[in-house]
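A structural model of the following input is requested.
(chains A, B and C)
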Amino acid sequence: MSLELLLIIAFGGAIVTYLLGKISCRIREGFAVLISLSLVVMIACLYGENGTESIYFHFLGLPLIMRTNMLSWFFAMAVSALGALSVIFSLNYMKNRERTDFYYLMLLMVNASMLGIIFSGDLISFFIFWEMMSWSTFLLISYNRGPAVAAGLKYIIMSIIGSMAMLVGVLSLYATYETLNMATLAELIGSASSGYLLFLLIIFSIAFAIKNALMPLHTWLPAAYAEAPTPFNGVLSGMLTRMGMYGFLLIMYVIVGATRALNLGSGLFKFHYILAWLGAITIVIPTFIAILQDDAKKLLAWSAVGQGGYMIVGIAVGTNLGLSGGIFHTLNHAIYIVLLFMCVGAIQYRTGGERDLNSLGGFIKKMPFTFIGTLLGISGLVGIPLTNGFVSKWLIYKTLILEGYPFLAFAALIGTWGCILYCYKFIHHIFLGQLPGKYQNVQKAPFSMLLPMIILSFAILFFGILPGIPLKIIDTIGTSFGFKSMNVTIWGIASETGTLNTINIFAAVLIVSIIAWLMLKIGPKAVSVAQEDTYAAGAAIPKDKYHYTVDFYNPLYRMITPYLKDFIDAFYMKFAHWIQSLCNGTRRVYTGYVGNYVMYIVLFLALLIFIRLKWSL
Amino acid sequence: MVFSQVIHFLQNHIYYIGAFGLIFIGLLIILVKHNLIKVIIGLSILETGVNLFLIAVGYISNGTAPIFSNPSVETQRMVDPVPQALVLTAIVIGVAVLALALSLAIRLYQHYGILDLRQIREQKW
Amino acid sequence: MDDAGLFSGGPNPILLVVVPLGFAFALPLIGFVSKKILKYIPVGVFMFNLVVALRLLPLVLKQPILVEIGGFSPPFCINLVAGPVGILFSALIALAGLLVAVYTLVYIKEGPEEKYHILYLLLLTAATGVVLTGDIFNLFVFFEILCISSYTLVAYVGNRAGIESSVKYLIQGAVGSSLLLIGIGLLYGLFGTLNMADLARQIVSVGSSSAFIPMAFMITGLGIEAAIFPLNSWLPDAHSSAPSSVSAILSGIAIEVGLYAVVRILFTLFGLSSFFLFFVFLGVLTLLIGEMCAFSQNNIKRMLAYSSIGQIGLILFAFAIATAYAVTGGLFQMISHTLGKGLLFLAAGYMIVRSGSMEISSLKGMGKRMPLTALAFTIGAFSLVGLPPFIGFPSKFLIIRSALAEEALIFNILIGLILLGTVIEGAYFFRVVQVIYFQKENEHQKRHEAPVAALIPMFLFMIAIVAIGIYPKLVTGILDSAASELLDRVDYIRSVIQ
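From the prediction side, this is the model:
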């Protein structure tokens, strides 16, 4: 199975899907699902292929190379699987909307270009696919119109800034080493000076930090997540944002190499140490901003920024345990955030696009599967044992404590506390409490939405109980970076410094739940009372007064709100306005009076002669 | 004798001085006058100055026409014919530009009712 | 005409100039026979030119073709030098001319059509002449034809904006050509020749610094047409008030021909390498000013016009670096700009016709009303910003790559500024794309696509943009030899004066 064919199918499939849409919606949707599923199968078949490089094209005299290894297989698998689930989820969600052809084209295009990024064996094709991903994402983010337009613009401007930085990095490597093949670069770069490596890492980090929404370059993300079409949120939050993670891994551990990358800078100002601290800041602040959100998608968006911080902390610390934690967390986070976005999507689909937490509530009985999905999703997000999030967070905590980073560990811990708060708020506001009257007739989510949710829910438990399966692969990635292999078993990690064994946890949870069940069984039966069965001063309280979910965590709000304004975003906006007025001022050079214009001409001539006389060039 | 030197200089360079004088005057008019017709006159003067300059480049004082039909004329005394050819072309081009400019001025006046370039500033920024 | 022996096998390059020129003056006569076929004549002429140029292309790659007019050999005659650069530009001019002529079939419906077609032919003839000629005064003459036909075409619609812009363009252009003529006169006075190769030879022997003053005059004069800041004040007015088909040619061809002339004068005639750093700065300044002005425009055509200034700045920057890589990149960027900006103006032209206004905000909902035109605009915009897989990417890539190879701190700063310019460029282009596709339209309007004859050229432009963007090898071969022709003075002189 050649990678070229894979990419041709991915890109060609996107275009064919678009063309089929002109014939019939059903054929188009069937084909889209077929393409995305066949990509999953094809990538799964690539398992274990390592180090095969193939030149598939020449671009400006540079060979474009595709290659496979464990790292790319891992990411490609996640991308294609989540992409396929998102396509399936879209089937119902996007029905009867305008420009669905365009939507599917761009969705598949984004997936295809992500696969292109992942399989690129040289930096120029990496950059090309990166850019294609950026602009197709831009078109999809703007798809919803209204506020989405501003969100899309913000995204693409930051994205261009990032890719311009990357272009400088790529071209400077090209100018220095005359090649852009990653494997060759990795060998050649050993002789580079530390200063140059630091420059490279910083310039690439700008691009990847923007994509991964690392503070202080995160400002595009909340708006973009909130305004993108919800099924696309899955792709956007799950993998697209994490292309930044992939980039960090690539530049730090593949190209520069672990030994050099972890020794740049001195003392407290080591590159990876600063990166870890940025990650820690990214954990704390966005998590608490997430608590403040009343918009379900914005809440998840800020949560995704915060979780991204964990991944960065994990890989920046630079031990095998931390690296595994970071990479595994990328996968885990992708699974549950996609699930949560799908749950929001299902709610939106049934309520006509409502995503304001304060006007939802009580959906537990109406949409039980969605509730279970959300419950599992937030369990993973918080990191409750036996869910996948627990394992990766455990790995990251363990690393931070073992390596002696108490402050980082504390930051991670605070992040988890905040995470619990907003997760509870999220599930409570949507599913618990009072069902608003207008939603009395809400139906269950349709099967095409439930199916991906069920699959993802299983994945959360599966990876939570049997973390050894992905960890084995991640361990191979770690060893390929030159780290020591971990002792991975199917249940977790066995090591002298602390064992992770999910079977013990599983047994403990089982025993506790049996005891709880027995106690409930033995104790007296609770009386079932209707929710409205309460009276104030002898009068029944009107139904709509029951909705007590507004102003959750009010005391906490009052304490933290002043500190949690997105002042970085405000600063950027101010800067943008300043640029705008600068531009506006600049164009006044063109006064409209032709006498001035002729004067410019004469002055230019005089300037040429003046320069000549002055410097006698 | 400074005076005779000056005279000598002037004699040799009078065409250049005249040409650049005209060019300077033309540019000055274009720069400081606001009336479109005056600016066009300035352009015309500029054009003339340039043409005079081209002629001056090829001119030899007391030279003759560069025609070979008369064998008695020695070739050294002939003025250079190339600049004259250039000037002929340049004059033709200049006339075309002038005609176009004037016709545009008429149309501009029909639209605006004025010829003051300071006030004809709808196209700017 | 010369005998065919010198360039056996290929057509005579002079056909590239003579045929359109002849048809331009024959047009009124043909008009007596039938008014209807008039508008098809430019299409036929430029198709012919394209075929001739493409047939010449492989020949000139081996050896430049000289055409000597009047039976004398250089430096005593007016000659055409059809080297890789000349034929490359001729092919580009013929291609853009052909596509825009097809567009014009349906776009120009009012006014004195006959004169439009004459002027259109003259404009492109002159452009071809400028790139092919080997004689400096001949260059001036073609340049004047180019300018005069542009002045007139800008005023073609005859509205307030058009006339005003045309008058301003004319005043600046006339001052510029006077300066150019002064420069030529000075050169003739110094060296007694008008042949570019001969001039170059003599300047090589005396050193380029002695010819600085004529160079300054010539650069200033040509720089006006080339739209180098601060000489480009006419451009936004003229390009935005002209009919869109004319804007496409002015932006895509005329200013690039102007820049070609500047570069030819700088490289071949004077070879004044110590002055290149100044032009590097000037290029970046032009780029930044152009992009910044474009950023704050509400008028779509003005925005595109300012964006042309920005692109010219980038091209000038590339040329002024003056390495083989950089000049290749600059030529590539020229092709990319011709295709991209041509496409943008054509697409914007019909969107303006449909919406009846040039305001960007009036383009709302165009994605639905004219989906193909909107797609064309989007692809053009993406290409100009430099996104893969469109042609703007490889060209920008080459330029930045060559600038980075300079390894001087100042170049790193300039690259930063250029990339900043790209970000601004991205911001305003993406904003328009969003308006076209994603802004809520005011009322529901029916789909009303541009006519087929307008869509075909847009479609061909799109194909060219994507094809070269994916497969830059299509042009890099010719670009490389064109770059070496521009950079290698001695070889140029030797090939003209045997």
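
Pull up the residues of chain B that are close to chain C.
When proximity is defined by Cβ under 8 Å from any Cβ of the partner chain, chain B lies next to chain C at B:23, B:26-27, B:30, B:36, B:39, B:43, B:46-47, B:49-50, B:53-54, B:57-58, B:80, B:82-83, B:86, B:89-90, B:93, B:96-97, B:100-101, B:104-105, B:107-108, B:111-112, B:120, B:122-125. (Each C-beta comes from the backbone N, C-alpha and C, glycine too.)

Can you flag the buried ones in those?
Among the residues of chain B next to chain C, the ones that count as buried by 16 or more other Cβ atoms under 10 Å in any protein chain shown are B:23, B:26-27, B:30, B:36, B:39, B:43, B:46-47, B:49-50, B:53-54, B:57-58, B:80, B:82-83, B:86, B:89-90, B:93, B:97, B:100-101, B:104-105, B:107-108, B:111-112, B:120, B:123, B:125.

Could you restrict those residues to the ones contacting chain A?
Okay, of these touching chain A (Cβ under 8 Å from any Cβ), that's B:27, B:30, B:39, B:123, B:125.

any idea which helix or strand carries the last one?
What that stands for is residue B:125. Residue B:125 is part of no helix or strand when elements are defined by DSSP states H and E.

just the first one next, same as before
Under the criterion DSSP H and E, the helix or strand holding residue B:27 is helix B:2-32.

Pull the very next helix or strand once past that helix out as PDB, backbone CA atoms only.
Once the chain leaves helix B:2-32, the next helix or strand it forms, by DSSP H and E, is helix B:36-58. The C-alpha coordinates for helix B:36-58 follow below in PDB (Å, rounded to 0.1, in the frame of the first residue of the first chain):
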ATOM      1  CA  LEU B  36      -5.000  72.100 -15.800                       C
ATOM      2  CA  ILE B  37      -4.500  74.100 -19.000                       C
ATOM      3  CA  LYS B  38      -1.400  75.800 -17.400                       C
ATOM      4  CA  VAL B  39      -0.100  72.400 -16.400                       C
ATOM      5  CA  ILE B  40      -0.600  71.200 -20.000                       C
ATOM      6  CA  ILE B  41       1.300  74.300 -21.200                       C
ATOM      7  CA  GLY B  42       4.000  73.400 -18.700                       C
ATOM      8  CA  LEU B  43       4.200  69.900 -20.200                       C
ATOM      9  CA  SER B  44       4.500  71.300 -23.600                       C
ATOM     10  CA  ILE B  45       7.400  73.600 -22.500                       C
ATOM     11  CA  LEU B  46       9.000  70.700 -20.800                       C
ATOM     12  CA  GLU B  47       8.700  68.700 -24.000                       C
ATOM     13  CA  THR B  48      10.200  71.500 -26.000                       C
ATOM     14  CA  GLY B  49      13.100  71.800 -23.600                       C
ATOM     15  CA  VAL B  50      13.800  68.100 -24.000                       C
ATOM     16  CA  ASN B  51      13.700  68.300 -27.700                       C
ATOM     17  CA  LEU B  52      16.000  71.300 -27.700                       C
ATOM     18  CA  PHE B  53      18.300  69.300 -25.500                       C
ATOM     19  CA  LEU B  54      18.400  66.400 -27.900                       C
ATOM     20  CA  ILE B  55      19.100  68.700 -30.800                       C
ATOM     21  CA  ALA B  56      21.900  70.300 -28.800                       C
ATOM     22  CA  VAL B  57      23.500  66.900 -28.200                       C
ATOM     23  CA  GLY B  58      24.000  66.400 -31.900                       C
END
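
Kindly calculate the angle that the helix or strand just after helix B:36-58 makes with helix B:36-58.
Next helix or strand after helix B:36-58 toward the C-terminus (DSSP H and E): helix B:81-112. Put simply, helix B:81-112 runs at 180 degrees to helix B:36-58, going by axes from the mean of the first three to the mean of the last three Cα atoms, to 10 degrees.

so residue C:366 touches residue C:355, yeah?
Yes: counting by Cβ atoms under 8 Å, residue C:366 touches residue C:355, with 7.1 Å between them.

ok, back up a step: from the ones next to chain A among the buried ones among the residues of chain B next to chain C, which shows the smallest pLDDT?
Lowest pLDDT of those: residue B:125, 76.

who's in contact with it?
The contact partners of residue B:125, by Cβ atoms under 8 Å, 6 or more residues apart in numbering or on different chains, come to A:587-588, A:590, A:592, C:293.

which of those residues come close to chain B?
The subset of the contacts of residue B:125 within reach of chain B, by Cβ under 8 Å from any Cβ, is A:587-588, A:590, A:592, C:293.

And the buried ones among the residues you listed, selectable in ChimeraX?
Applying 16+ other Cβ under 10 Å to these, the buried members can be selected in ChimeraX as follows:
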select /A:587,590,592 /C:293
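
hmm, which two among the ones next to chain B among the contacts of residue B:125 are most spread apart?
Spatially, the most separated pair among the ones next to chain B among the contacts of residue B:125 is A:592 and C:293, at 13.1 Å (Cβ to Cβ).
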